[in-house]
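Q: Got a predicted model here, sequence first, then my questions.
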Amino acid sequence: MPDHTSLRRTPPPPLTAADLSRAGTAVEKFSPNGDEGPDWHRYLTVVWRYRWWILAATALGTIGGAAASRFLPPRYVAQATIWIQTSGGNGPERGPIGANQLLVASAWTDLLKSYVVLDAVARERRLYLQARPRDMAVMATFAVADQYRPGRYHLKVDRTGQHFSLQDEDGTELERGDVGAAIGRTDSLGFRWTPAAADLAPGAEIVFGVTTLRDASRGLSDGLRVSPDLSGNFLRIALTGPSATGVTGVVNAVADRFVAVATDLKRAKLTELGRLLREQLQAAEAGMHRAESALEAFRVRTITLPGDPGVAAAGAPPRGSPLGEFFSLRIEQDQMRRDADALEHVLISMRDPGALADALAPIGAVQRSADLTQALHELTTKRAEQRALAYRYTPDHPTLQRVTSEIETLERTTIPALAKALATELESREAVLGTQITAGGRELRGIPQRAIEEARLRRDATIAENLFTSVQQRYSEARLAEASSTADVRVLDAAVAPRRPVKDSASRLIALGFLAGLGFGVVGAVLVDRLDRRVRYPDQVTNGMGLRILGALPHVKNRKAGPDDEQVLQVIETMRSVRLSLLHAYGTAGPMVITITSPAVGDGKSFVSTNLALACAQAGQRTMLVDGDTRRGALHRVLGGVRKPGLTDFLAGRVPLEAVKQALPYPLLHFIGAGSRLRESPELLGSPAMVDLLVRLRADYQVILVDSPPLGAGVDPYTLGTLTGAMMLVLRTGTTNLELARTRLAMLEHLPIRLLGVLLNDVQPGEMYGYYSYTYAGGYAAVDEDNSTRVARRRMQGVL
């Protein structure tokens, strides 16, 4: 009787967690992708696996896009171009006609989208009206008053065709009358609509909606595409809609209204500028009269006095003489003092910033100051522009606020600062002139002061005359510009009704449906793959379960194929590789005794056991294949043997061992069937007789393969694995449940079983089989030189 205790010590030690981790790491390093970024090969595999689903989703999306294209109307675009006149020079301009252009380049877009333009277009084109296309003929004469009631309305004609009823969306009757009469003319409704009696058929029902002009303008503003060019000379308008004539009419109406508003704004600006210049002209004329009157009064007072011998006949000393230079310096100093006093008086007494500019204009030093004169001129222009814009816009309009802000900056900051700077300059120059006059006054003290006063008065009269002449010229130009004013804008290219849609909506929708269907199919396939709990990929075994992969059997379509079939050759070569991997994984401690099992029924463990036994026998190893599935084992049918007497019969003591051993047609391969179906077969598998059987078989065979029931079939596989000490797991791709496999393998942690690895079965071409396949390189296929060596391959055909 053999020693059972020694038999249990024979198997190698169980595979520990560290061993499993090292195995998983080794396989992971072999993986072509690893964990570096997305696994594109996996995605391509998913797409190929669910290709028919993806094609179906793509076809459905394309059909849906084609169906949608039949119900969506085409889209037309109408375009117009407006030319904008811009100022050509960089410096200040003389006359009021081109002193400043009407608006800056960025403000033209704001003006075009302002409600003063769009409200008129919305009223003209009846954009406030919403009705069904079939009712537009009846609504052809519909219009609204200045004040009307927006909302949804139902017009119903009775069956006689003689009377109508107008109701709101709640069904409340608003008006009743005879067909052919005006509809909605009451002040509460504000409609201007008198449809012809022939257009209102008996029993007709017309549903229409009326929105506010502001809402219609807002919708038009959202739809308009306004794009100025970089230079600001051209403004392009575009509008897209379902009606070619409709969008063309709206674009042309917007362009015409825009030109009209711009013309009115410029005319108002010129009118206001002319009024301001007229006021300045009156002030300049009054100042000139005062200067002439003062000179006249002085001449009258001094007409009887003796003349200055140093004064020439013209009344002025000769240039270059000391007297002439003294007079010039004294007059200049006196003028500076007067101008400085006037500036100081204006800056102190004038509290109103608006009146400050008008008070500074008559001062001679101010007129000679280029910066201050330019600032006053700019203030006059800005005031005219402000008044012109005030006729069209409310005080809250951005353009009007911008101009008002610029005027306040000029009145409160720029002009006072320039005036103070001028006053300071006059004081400095006066001090310098005073020093010069004091130095040369000793020899000129006898010159009569009346000559100096007369020269000053003459100078004041000349300055006042020049100012009056300048303002009068500008006023004449402003009146001429107002009389012949033309807009800074005009329509360069009017919109023309397009004949073709701007975009082929049908092809776009079909392409969109195609892409949407394709994307939905691909994303759905990837999502289904992510949610799939079945074994599909190597990393689920190596990383998820921590097991090494011994090999991958390809999918065999034809089990009856001959030995020359490519898939059969791949299976044979894979089995050779698995045999080699098992021998090295098992070690050299005696014969190789392995239990082959799987998580569930249908994973192909019996197929693997049979072909692995044949591969070992074909390698010259005496091999024993034991059908340990005593409940429903059927290996005898595949190998051409018998089921009983078998394993259970020997374990029950009914027959000797030699009676259950079966010699098969395959050399070096023997087989023990499952035996009779017995209720106590699980207990028999764990009995001392089973230990004795394995001890006796180890003495006669080099390879002992035990085909056990699935792990989910009971305790049998765990019992057999404990007795053999080593186990190989068979997982079928696309069939084996990953969670179930993990649950079944969890029980192995508490048993002395060494899990050698996993054999992946039924791997589809193009999936993980590419990583673990064993195909022949060109010219390296195993072939028979003569027919005498084809016996083994012909015998393999019966198993596959």
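A: Cool, the structure landed. Residues are numbered from 1 along each chain as shown.
Q: Ser687 against Leu651, yeah?
A: Yes: using CB atoms under 8 Å, Ser687 is in contact with Leu651, at 6.0 Å. Quick note: C-beta positions are derived from backbone N, CA and C, even for glycine.
Q: more crowded one of the two?
A: Set Ser687 next to Leu651 and count neighbours by other CB atoms under 10 Å: Leu651 wins out with 24 against 16.
Q: Skipping adjacent residues, who's closest to that one in space?
A: Leu684 (4.0 Å; CB to CB, 6 or more residues apart in numbering).
Q: tell me which residues form a beta bridge with Tyr76?
A: Beta-bridge partners recorded for Tyr76 (DSSP bridges): Gly241.
Q: residues touching Leu174, list them.
A: Tyr153, Leu166, Gln167, Asp168, Gly184, Ser188, Leu189 (CB atoms under 8 Å, 6 or more residues apart in numbering).
Q: Three-state assignment for Thr588, please.
A: With DSSP: H, G, I helix; E, B strand; the rest coil as the basis, Thr588 sits in coil.
Q: give me the number of residues near it?
A: 8.
Q: what do you get for Ala746?
A: Count around Ala746 with other CB under 10 Å applied: 9.
Q: now it: how far from Arg42?
A: Remark: distance between Ala746 and Arg42 (CB to CB, to the nearest Å) = 27 Å.
Q: same question, Arg368
A: 87 Å.
Q: of the two, who's got more company?
A: Neighbour count, other CB under 10 Å: between Arg368 and Arg42, Arg42 has more, with 18 against 13.
Q: mind checking how far that one is from Leu174?
A: Distance, Arg42 to Leu174, by CB to CB: 68 Å.
Q: what's the helix or strand for Val626?
A: Here Val626, judged by DSSP states H and E, is contained in strand 623-627.
Q: Direction included, what does that strand pair up with?
A: strand 669-672 (parallel), strand 703-707 (parallel).
Q: among the ones you listed, which is the most enclosed?
A: strand 703-707 (a mean of 26; mean count of other CB atoms under 10 Å).
Q: tell me what the helix or strand following that one is packed against?
A: Where DSSP H and E defines the elements, the next helix or strand beyond strand 703-707 is helix 716-724. The contact analysis (3 or more CB pairs under 8 Å, 6 or more residues apart in numbering; DSSP states H and E) places helix 716-724 against strand 592-597, helix 681-685, helix 688-700, strand 703-707.
Q: Try it again at 6 Å.
A: Contact partners of helix 716-724 among helices and strands, from 3 or more CB pairs under 6 Å, 6 or more residues apart in numbering; DSSP states H and E: strand 592-597, helix 681-685.
Q: and the biggest helix by length in the chain, what does it pack onto?
A: Ordering each helix of the chain by length in residues (DSSP state H) puts helix 244-301 first. On a contact count with 3+ CB pairs under 6 Å, 6+ apart, helix 244-301 meets strand 76-84, helix 115-124, strand 234-241, helix 370-390, helix 449-483, strand 489-493.
Q: confidence score at the closest residue to Gly604 other than its chain neighbours?
A: Once flanking residues are discounted, Gly604 sits nearest to Asn761: 4.1 Å by CB to CB, 6+ apart. Asn761 carries a pLDDT score of 86 in this model.
Q: burial of Asn761, as a residue count?
A: 25.
Q: From what I see, Val703 and Val593 are in contact.
A: No: contact criterion CB atoms under 6 Å: Val703 and Val593 do not qualify, at 8.2 Å.
Q: Could you list the single helix or strand in this protein with the lowest mean pLDDT?
A: Least confident helix or strand, the chain: helix 4-9 with a mean of 34, by mean pLDDT, DSSP states H and E.
Q: picking that back up, I'd assumed Pro554 was in contact with the residue nearest to Gly604.
A: No: counting by CB under 6 Å, Asn761 stays clear of Pro554, with 9.3 Å between them.
Q: Which segments of the chain make up each domain?
A: 4-29+536-775, 129-210, 308-447 (automatic domain parsing).
Q: Would you mind giving those as TSV with distance to Met288 added?
A: Putting the domains of the chain into TSV (distance: least, CB to CB, whole Å) gives the following:
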stretch	distance to Met288
domain 4-29+536-775	101
domain 129-210	51
domain 308-447	10
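Q: could you dump stretch 390-404 to PDB, C-alpha only?
A: Output of stretch 390-404 as PDB, limited to C-alpha atoms (Å, rounded to 0.1, in the frame of the first residue of the first chain):
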ATOM      1  CA  ALA A 390     -30.200 114.500 -29.200                       C
ATOM      2  CA  TYR A 391     -32.800 114.700 -31.900                       C
ATOM      3  CA  ARG A 392     -32.600 111.000 -32.700                       C
ATOM      4  CA  TYR A 393     -31.500 109.300 -29.500                       C
ATOM      5  CA  THR A 394     -32.400 109.200 -25.800                       C
ATOM      6  CA  PRO A 395     -29.900 110.400 -23.300                       C
ATOM      7  CA  ASP A 396     -29.000 106.800 -22.400                       C
ATOM      8  CA  HIS A 397     -27.800 106.000 -26.000                       C
ATOM      9  CA  PRO A 398     -24.100 105.000 -26.000                       C
ATOM     10  CA  THR A 399     -23.200 107.300 -28.800                       C
ATOM     11  CA  LEU A 400     -24.800 110.400 -27.200                       C
ATOM     12  CA  GLN A 401     -23.300 109.500 -23.900                       C
ATOM     13  CA  ARG A 402     -19.900 109.300 -25.500                       C
ATOM     14  CA  VAL A 403     -20.200 112.700 -27.100                       C
ATOM     15  CA  THR A 404     -21.500 114.300 -23.900                       C
END
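Q: Could you tell me how far it lies from the centre of the chain?
A: 36 Å (CA atoms, centre = their mean, to the nearest Å).
Q: circling back: indicate which one of the helices and strands packed on helix 244-301 is closest to Asp215.
A: helix 115-124 (8.8 Å; CB to CB).
Q: helices or strands next to that closest one in the packing?
A: Going by 3+ CB pairs under 6 Å, 6+ apart, helix 115-124 lies up against helix 213-223, helix 244-301.
Q: Not counting its own residues, what contacts that helix?
A: By CB atoms under 6 Å, 6 or more residues apart in numbering, the residues outside helix 115-124 that reach it are Tyr128, Leu213, Ala216, Ser217, Leu220, Ser221, Ala253, Val254, Arg257, Phe258, Val261, Arg392.
Q: Compute the inter-axis angle for it and helix 213-223.
A: 100 degrees (axes from the mean of the first three to the mean of the last three CA atoms, to 10 degrees).
Q: and helix 115-124, average pLDDT?
A: 90.
Q: what angle separates that helix from helix 244-301?
A: Using the same axes, to 10 degrees: helix 115-124 against helix 244-301 is 140 degrees.
Q: list the buried ones in helix 115-124?
A: Under the neighbour-count criterion of 16 or more other CB atoms under 10 Å, helix 115-124 has Tyr115, Val116, Val117, Leu118, Asp119, Ala120, Val121, Ala122, Arg123 buried.
Q: now the angle from the strand holding Val626 to strand 592-597?
A: Strand 623-627 and strand 592-597 meet at an angle of 30 degrees, taking the same axes, to 10 degrees as the criterion.
Q: could you point out which element follows strand 623-627?
A: helix 635-639.
Q: And that following helix, how far out from the chain middle?
A: Put simply, helix 635-639 sits 64 Å off its chain's centre (CA atoms, centre = their mean).
Q: Only alpha carbons, please: show it as CSV.
A: Output of helix 635-639 as CSV, limited to C-alpha atoms (Å, rounded to 0.1, in the frame of the first residue of the first chain):
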residue,chain,number,x,y,z
LEU,A,635,-14.3,12.6,-22.8
HIS,A,636,-14.8,9.0,-23.8
ARG,A,637,-17.0,10.1,-26.7
VAL,A,638,-14.3,12.4,-28.1
LEU,A,639,-11.5,9.9,-27.7
